[in-house]
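J.: Compute the structure for the input listed below.
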Amino acid sequence: MTTTVERLRTTLAALNLTAIDGWLETLLESASKKEPSYGDFLLDVSAEAGARKQRYLKTRLQLAHLPYLKTFDQFDFGFQPSIDERQIRELRTLRFVHEASNVILLGPPGVGKTHLAVALAETAIQAGQAAYFMTAHDLVTDLGRAYREGRLDRRLRIYLAPKVLIIDEMGYLPLDDLGATIFFQLVSARYERGSIILTSNKSYGEWGSIFGDPIIATAILDRLLHHSATVNIRGESYRLKERRKAGLIPLPEQQQADSPAAAPNTRGKRNQAL
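T.: As a prediction, the model looks like this:
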């Protein structure tokens, strides 16, 4: 014969409230001492469940090693009209995570690629998925060190475990032969198993220069792009925008007015006057 606690646990599992199961007996014991009303007891359960969820999410965010916390609400889509907001809304559904597809964010420095990547990672974490952030340089350096120490397979598992792996700043520094080979191994190992969100300031046609070999670049792109969405951002740097607002950089119309070509030619008139 099943006990009340066992039946409660079965019900909680059916309702997908497994987080409550771990502290159910403690909560019941506390309730037996305080003798709260049914309503108060349910409120205690709800409050504890909410608090535990927040602690869980905070831990997940810390483990993700995000450089900062940015959301989509903080992104100025009006400043970057080249971005298709419908595409971003589709990505926010996280269907790409469930399909183990990739997201590639391309554009010059400062246009918001990392912000969008972090916002996607934050959305995935809020939905209960694990995410992990690394710059391409740090990632390849870490795996290269592991290779030289004979523990590459074990270290690779760190980057294969999360459902979402964010690789930032691909292309800012070229990779050597070992780095290119290791990166290919990582992409191949995650292929159709987990999502990669990658940012780069290089167009796909320039990736041969990143890896120093067009053949391995093609092989990497083949796996990355087979199931993927590409977000091309063509616009001005946010950092330059802020510097202009602070008066540190002249506005484009001021630069044009101050240029030698824009200055009126008064030499001829002066010569005529003389």
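J.: CA only for contacts and neighbour counts going forward, please
T.: Noted.
J.: Now name the helix or strand holding residue 141.
T.: According to DSSP states H and E, residue 141 maps onto helix 136-148.
J.: Which positions in that helix come out as buried?
T.: Neighbour-count burial for helix 136-148 flags 136, 137, 139, 140, 141, 143, 144, 146, 147 (criterion: 16 or more other Cα atoms under 10 Å).
J.: so what's the first one up against?
T.: Translated: residue 136. Going by Cα atoms under 8 Å, 6 or more residues apart in numbering, residue 136 touches 167, 168, 169, 170.
J.: ok, back up a step: quick one: which of the buried residues of helix 136-148 is nearest residue 65?
T.: residue 139 (12.4 Å; Cα to Cα).
J.: Do you know the pLDDT at the closest one?
T.: pLDDT, residue 139: 98.
J.: Can you tell me how far it is from residue 236?
T.: 28 Å (Cα to Cα, to the nearest Å).
J.: Assign the nearest residue to residue 130 once chain neighbours are set aside to helix, strand or coil.
T.: Using Cα to Cα, 6 or more residues apart in numbering and skipping the chain neighbours, the partner closest in space to residue 130 is residue 162 (4.9 Å). When classified by DSSP: H, G, I helix; E, B strand; the rest coil, residue 162 comes out as coil.
J.: So which bits of stretch 213-228 are buried?
T.: Neighbour-count burial for stretch 213-228 flags 216, 217, 218, 220, 223, 224, 227, 228 (criterion: 16+ other Cα under 10 Å).
J.: Please work out which residues outside that stretch touch it.
T.: Residues outside stretch 213-228 that contact it (Cα under 8 Å, 6+ apart) are 96, 100-104, 180-181, 184, 187-188, 191-192, 204, 207-208, 210-211.
J.: From those, which land in strands?
T.: In this view, the contacts of stretch 213-228 that belong to strands under DSSP state E are 102, 103, 104.
J.: got a winner among the residues you listed for most neighbours?
T.: Counting neighbours by other Cα atoms under 10 Å, residue 102 leads the ones in strands among the contacts of stretch 213-228 with 26 neighbours.
J.: now the strands: where do they sit in the stretch 51-200 of the chain?
T.: Applying DSSP state E, counting those that start in this stretch to the stretch 51-200 of the chain gives strands spanning 102-106, 131-135, 164-170, 195-200.
J.: Of these, which stretch is the most buried?
T.: With neighbours defined as mean count of other Cα atoms under 10 Å, those peak in mean count at strand 195-200, which reaches a mean of 26.
J.: Okay, angle between it and strand 164-170 too, please.
T.: Strand 195-200 and strand 164-170 are oriented at 10 degrees to each other (axes from the mean of the first three to the mean of the last three Cα atoms, to 10 degrees).
J.: Start at 3, not 1
T.: Got it, the first residue is 3 from now on, which makes the last one we talked about strand 197-202.
J.: Am I right that residue 35 sits in a helix?
T.: Yes: assessed with three-state DSSP, residue 35 lies in a helix.
J.: any idea where the helices of the stretch 3-152 of the chain begin and end?
T.: 6-16, 20-23, 26-36, 40-65, 87-94, 97-100, 115-128, 138-150 (DSSP state H, counting those that start in this stretch).
J.: Least confident of these, on average?
T.: Mean pLDDT is lowest for helix 20-23 among these, at a mean of 61.
J.: Next, count neighbours for residue 159.
T.: 12.
J.: Then residue 76?
T.: Neighbour tally, residue 76, other Cα under 10 Å: 10.
J.: same thing with residue 129?
T.: 12.
J.: Repeat that for residue 163.
T.: 15.
J.: Can you verify my assumption that residue 103 contacts residue 200?
T.: No: with contacts counted by Cα atoms under 8 Å, residue 103 stays clear of residue 200, the gap being 11.6 Å.
J.: For the closest residue in space to residue 73 that isn't next to it in sequence, give me its contacts.
T.: Leaving out its chain neighbours, the residue that sits closest to residue 73 by Cα to Cα, 6+ apart is residue 121, at 4.5 Å. By Cα under 8 Å, 6+ apart, the residues touching residue 121 are 71, 72, 73, 74.
J.: Make a markdown table out of the residues you listed and add neighbour count.
T.: Below are these laid out as a markdown table (neighbours: other Cα atoms under 10 Å):
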| residue | neighbour count |
| --- | --- |
| 71 | 11 |
| 72 | 18 |
| 73 | 15 |
| 74 | 18 |
